[in-house]
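> sequence? don't have it. structure:
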């Protein structure tokens, strides 16, 4: 009697059997077929041997300084108060830049506000309809943020939910 | 140091008893305990870097940077930690998410990777290479390196999810249910994913399967059966 070819379902069941993931009924089915079908036995053998070949991959090890470097970064993350849970490490070592950026941004906004209040009397050079100011308003408003970030891609990433959203979909 | 376990009820207590790393993580969560966190880093760094290296390929630095990011993410999200499974499951869930993100952004910004020998300070210097060569039986060393390259290439043939499932199953010895939890899939989906991945590996590695292990088993010709 011709043996039926090995289907995807057969292979799935066989691999689950080899991995010890079959229930009792499936185990019996696979064992019965392995006893009677030399092609399935050869397939099982080839699958096992291919799997064992992965043992030849080198096991990479981290640099000996890995723990130290990680804990150094952790030191920057450790909260001042227990409630502070999110601190971006990339920002922490740029504190002087952050302050400089905030100061620059504040000055720019102040300059802009003075222009608004005085209607241009305090400075003949500031005009609310100045096309340069209008064009760069968003840039001026977000100057501190741009200074603190590594790149514009990083800022875009902040808006990506899968990167900075719920971090622990698991347990 | 005794640790109180204020949240999570029986499951938390059960997991804490079963998995010592859960106890460490609870200390990190509740007391910001740096020693407990250092123990976790120490315990998992090799495994995590190994898994990420297999998933990402490329330069070791990339896997290490990402492993570091995983640990920092663990710390940043410690207050959300609820021990409903082994600590490793939670850790590798975060690793899976970050690795898939990294692979996605790598696709957006394709780079050309050079072999170690062409990458300046990253590759071995000629003198170091000579020492290494002299310390190994050349043919064996070459065979091992070539075989590793072939297997590496076979892994690269798999898609990202298949590769992740294979690496977790093979090197982390995770069962289907654990892999499902890490990858956010059903157990049935993992079964199917691993089946396709292993069939592909068997196909790609066909020429190497019986290299050192005797004759290839004879498979009856289907025509003869008929």
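Perfect, I can see it now. This is a predicted model, so every value here is computed, not measured. Residues are numbered from 1 along each chain as shown, chains lettered A, B, ... in the order given.
> what's the closest non-adjacent residue to the residue nearest in space to the middle of chain B?
Within chain B, one residue has its C-alpha closest to the average C-alpha position: by CA atoms, centre = their mean, that is residue B:51, at 1.9 Å. Taking CB to CB, 6 or more residues apart in numbering or on different chains as the measure, residue B:51 lies nearest to residue B:167, with 5.4 Å between them; neighbours along the chain are not counted. Backbone N, C-alpha and C define where each C-beta goes, glycine included.
> check contacts around the one you found.
Residues in contact with residue B:167, defined by CB atoms under 8 Å, 6 or more residues apart in numbering or on different chains, are B:51, B:54-55, B:155.
> repeat the analysis, applying 7 Å as the threshold.
For residue B:167, the contacting residues are B:51, B:54-55, taking CB atoms under 7 Å, 6 or more residues apart in numbering or on different chains as the criterion.
> could you check how far it is from residue B:52?
Taking CB to CB, to the nearest Å as the criterion, residue B:167 is separated from residue B:52 by 9 Å.
> and for residue A:41?
Going from residue A:41 to residue B:52 by CB to CB gives 37 Å.
> ditto for residue B:177
Residue B:177 sits at a distance of 22 Å from residue B:52 (criterion: CB to CB).
> residues in contact with the nearest residue to residue A:62 once chain neighbours are set aside?
The shortest distance from residue A:62 to any residue that is not its chain neighbour, by CB to CB, 6+ apart, is 4.3 Å, and that residue is residue B:49. Residue B:49 makes contact with A:60-62, B:63-64, B:67 under the criterion CB under 7 Å, 6+ apart.
> closest residue of chain B to chain A?
Checking chain B residue by residue against chain A with CB to the nearest CB singles out residue B:93 as nearest, at 3.3 Å.
> that residue reaches residue B:182, doesn't it?
Yes. Assessed by CB atoms under 7 Å, residue B:93 is found in contact with residue B:182 at 4.9 Å.
> so these two - more neighbours on which side?
For the pair residue B:93 and residue B:182, the greater number of neighbours falls to residue B:182 (28 against 21), based on other CB atoms under 10 Å in any protein chain shown.
> other SSEs contacting the helix or strand where the more buried one lies?
With the criterion set as DSSP states H and E, the secondary-structure element containing residue B:182 is helix B:176-183. Of the remaining helices and strands, those touching helix B:176-183 by 3 or more CB pairs under 7 Å, 6 or more residues apart in numbering or on different chains; DSSP states H and E are helix B:87-108, helix B:160-170, helix B:187-204.
> for that helix, buried residues please.
Along helix B:176-183, the positions that meet the burial threshold by neighbour count (16 or more other CB atoms under 10 Å in any protein chain shown) are B:176, B:178-183.
> how is chain A divided into domains?
Under the assignment named as automatic domain parsing, the residue ranges that make up the domains of chain A are A:8-56, A:87-164.
> ignore what I typed, I meant chain B.
B:9-109, B:124-210.
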